[in-house]
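*Asks:* sequence and computational prediction follow.
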Amino acid sequence: MTAIKHALQRDIFTPNDERLLSIVNVCKAGKKKKNCFLCATVTTERPVQVKVVKVKKSDKGDFYKRQMAWELRDLTEVDAKDATKENPEFDLHFEKVYRWVASSTAEKNSFISCIWKLNQRYLRKKVEFVNVSPQLLEESVPSGESQSVAGGDEDALDDYQELNAREEQDIEGMMEVCEYAISNAEAFAEKLSRELQVLDGANIQSIMASEKQVNILMQLLDQALAEVDNIEGKLLSYEEMLQSVKEQMDQISQSNRLIQISNTNNGKLLDEIQFLVNYMDLSKGHIKALQEGDLSSPKGIEACINASEALSQCMNVALKPGHDKLMAVKQQQLLFSDLRDTFARRLTNHLNNVFVHQFNHFSHFKMTIPQFYRSSCLSLPGHDQSSTLSQHTAELTLPKHSPLHRDLLRYAKLMEWLKNTQREKYEGLSRTYVDYMTRLYEREIKDFFEVAKIKMAGTSKDGKGKFGLHGSSGKLTGSTSSLNKLAVSSSNSRRSQSSSLLDMGNMSASDLDVADRTRFDKIFEQVLSELEPLCLAEQDFITKFFKLQQNPTLAQEEKVDDSDGTVHSRPTSEHRYSISDKDMVRMMMNKIFQSIETELNSLIALGDKIDSFNSLYMLVKMSYHVWTAENVDPASYLSTTLGNVLVTVKRNFDKCISGQIRQMEEVKISKKSKVGILPFVTGFEEFAKLAEAIFRNAERRGDLDKAYIKLIRAVFHNVEKVALESQKTPRDVVMMENFHHIFSTLSSLKISCLEAERKEAKQKYTEHLQSYVINSLGQPLEKLNHFFEGVEARVAQGVREEEVSYQLAFNKQELRKVIKEYPGKEVKKGLDNLYKKVDKHLCEEENLLQVVWHSMQDEFIRQYKHFEGLINRCYPGSGITMEFTIQDMLEYFSSIAQSH
């Protein structure tokens, strides 16, 4: 710190004729650590100026730059935060409050001590020190207030005096006279001391010689004392004369004091009267506005607002003790109460009329689209409602109530006045508004959802039942009473597209299916996009009109200035929700939009019935809108309602997944045909592709990942179950083909949560491929296999390999006999039969025939080499070899594969 202090003195303060007295390393409170230095400085020229300077290290180099400076006379308070505990924080109160955190408590105390000294010396105790230890201030000044408090540097600056030119000449003259003045300074100093003693003696003798003059001086002093006694006598006589004057002046002063008391009392009485006149007098214009003001015109509303505010000020004036006993005050208070009741009654009646007028206006001029559709459909016998929808392209939108809100917001200040003065009328108006808006919104929302249901029902009219759940397909028909009732009819060809993995496995989704689902997704998104601004606009209007202000965040309550660490505090008590305000907003929104949650659940049920996989689209859309609503206001009605509906969507999604798993468990395979790729395996592939497309940009995939795990485990389990039950196709083939398909699907989709299942599928595929190859290859060379198995058994029993040929059953003649039964032609014939059998077992769509055939080739070669090794070890020198070579085998395998 000393090196930094010298560097700052040299680079910053010396060029400005300033001297650095104290320094402290600080950073701003509540911010990221950006260090700077606070310096206490004084100017070297008089008059002395004391400053606090903020110095910051440059970002581009190692030099320091002066950032900000404050005059010490502008400092009003120093707050050390805690006088008993060590705390590095402290505040400096200039024109604003600056909060700092020192690097150490010692540096902070040293800096505050220096500020206190400068305050004592130059500002005469102008600065106030708060939460500063008294011991720190006592240590700063050891004794007396008149003592220098600026430190040793200031004292040294005041005591030091330079030699003038004459004194320099005299010293140079003495040094020239003395030859050893420079070479022997001690001798020179001793010589000067002796000469000084001689001069002191001469001075004493001179004083003693002047004794005569001293005697004369004493005589003069005696004469002066006598003259003083004479003057003192005259003063005593004057004092007696003035005593009588003093008594007269005391009487005059007493009279003046009584007059002053009377004037003071009169002034106070005048102030009281003036106070009552100023604060309890309502102008005639305001009285007229309250009694007869026009509440329908903008000017009339403005006049009523001003009058109501003036009335509130008069009624809420803080009266002093005794004012309420004055008759004039009682009369004014009675007048104010009458005006308040009269205006509150007029305002309530007017707003009730406005509510009724606006409700009738919206109800009269609104021709709902579903009613028009129903009338059109019912007017033509046998007319299908879905065909009507194709002819009338209605907009799926909700009416905007911004004109109504704009008209009513003109009365917001009057509603605030009514809330503060007549709570019962205020609550009555709020109930009236809620009642009217509930009926209006209920009708509009019901019509809106009916249009959405009609459009959704129209998306499935061309469906061919490709994705129909077994036993759940039904006909969608329009109803004049409610679209929520969908009559189930198996005779009609228009089936609901409730999907299953089984049916998805039988075919790929057609362009029509994709278009229907895309259209459904757009309709559902349009519904949510229309509801969201509607609810937010209504809640915003309620909070503004009924003055139920929202609660600002902490960041708005206290803001720290980034530039200089200043803290700006804002009053927050006026902007907070009270408990009753929160409850009132929630109650009003729940009442007004009580049908939204029911209608949304009904719409979701319809979408789920049309196509169970629509729950994927709805889950993504609902999750996004819930996340958006929570970011806007987590406690809003919209956020709560959408959250409740999201639970229903998740429940439907889970039900959809459970249904798919149940259908896998109920699958039955044909006993007369080969199994091939199971339908729910390809169905899982289509489901995963569809889900990945839907959830591509989704924020939350947790529900989908859980569904993936459940489905893939069910697929694994049911593949193994079908493989065990299969009679036409070997178990290894069923397992190999289906797990190969699963492995290929998971590898192409790259679903991170299914990485372990992907590896497991590959392992099962490899194991069953190897098992199938080994079991199949035992048939073409059956006798040869049995012979060498016997050889290996003898060796395992302890017979030496070279002695096996002496065994009767395994001698050379027996080996030649077995080998002759398998010439190349017979081997090729056996392999050809094996190829046909494998081709019969495997399915065409998975295309694993060549893979299996190549694995059989490798296994056959391995067995061939094993047989040759046994012959060489057990029948050495016999010259016995197989009737065919490895090259012959490769040609057999290649020609068989090409011929088929």
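*Replies:* Looks like it came in fine. Numbers count the residues shown, from 1 in each chain.

*Asks:* how about residue 590, what does it touch?
*Replies:* If a contact means CB atoms under 8 Å, 6 or more residues apart in numbering, then residue 590 has residue 637 as its contacts. C-betas here are computed from N, CA, C, even on glycine.

*Asks:* what separates it from residue 527, distance-wise?
*Replies:* 20 Å (CB to CB, to the nearest Å).

*Asks:* what do you get for residue 693?
*Replies:* In terms of CB to CB, residue 693 sits 21 Å off from residue 527.

*Asks:* if you count what's nearby, which of the two comes out ahead?
*Replies:* residue 527 (23 against 11; other CB atoms under 10 Å).

*Asks:* how about the nearest residue to that one, chain neighbours excluded?
*Replies:* Computed as CB to CB, 6 or more residues apart in numbering, the closest residue to residue 527 that is not its neighbour in sequence is residue 452, at 5.2 Å.

*Asks:* ok, the one you found - contacts?
*Replies:* Counting by CB under 8 Å, 6+ apart, residue 452 has contacts 396, 523, 526-527, 603.

*Asks:* in the host helix or strand of it, what's buried?
*Replies:* Residue 452 belongs to helix 423-459 when assigned by DSSP states H and E. Buried residues in helix 423-459, counted by 16 or more other CB atoms under 10 Å: 425-426, 429-430, 433-434, 436-438, 440-442, 444-445, 447-459.

*Asks:* again with stretch 87-102
*Replies:* So for stretch 87-102, counting by 16+ other CB under 10 Å, buried means 88-94, 98-102.

*Asks:* ok, these vs residue 355, which is closest?
*Replies:* Closest approach to residue 355 among these (CB to CB): residue 99, at 51.4 Å.

*Asks:* so that closest one makes contact with residue 81?
*Replies:* No. With contact defined as CB atoms under 8 Å, residue 99 does not reach residue 81; the gap is 9.6 Å.

*Asks:* what's the overlap in contacts for those two?
*Replies:* In contact with both residue 99 and residue 81: 89, 91, using CB under 8 Å, 6+ apart.

*Asks:* any idea how far residue 92 is from residue 101?
*Replies:* 12 Å.

*Asks:* residue 732 too?
*Replies:* Residue 732 is 85 Å from residue 92, by CB to CB.

*Asks:* try residue 687
*Replies:* 67 Å.

*Asks:* in this protein, where's the longest strand?
*Replies:* If you go by DSSP state E, the chain has its longest strand at strand 18-28.

*Asks:* list the neighbouring strands of that strand plus their orientation.
*Replies:* strand 36-43 (antiparallel), strand 97-102 (antiparallel) (DSSP bridges).

*Asks:* give me the residues contacting that strand.
*Replies:* 1, 4-5, 8-9, 13, 33-44, 51, 99-104, 107-108, 110-111, 113-115, 118, 150-151, 153, 560, 564-565.

*Asks:* if we use 6 Å, what do you get?
*Replies:* 5, 8-9, 13, 33-35, 37-44, 100-103, 107, 111, 114, 565 (CB atoms under 6 Å, 6 or more residues apart in numbering).

*Asks:* understood, closing this out.
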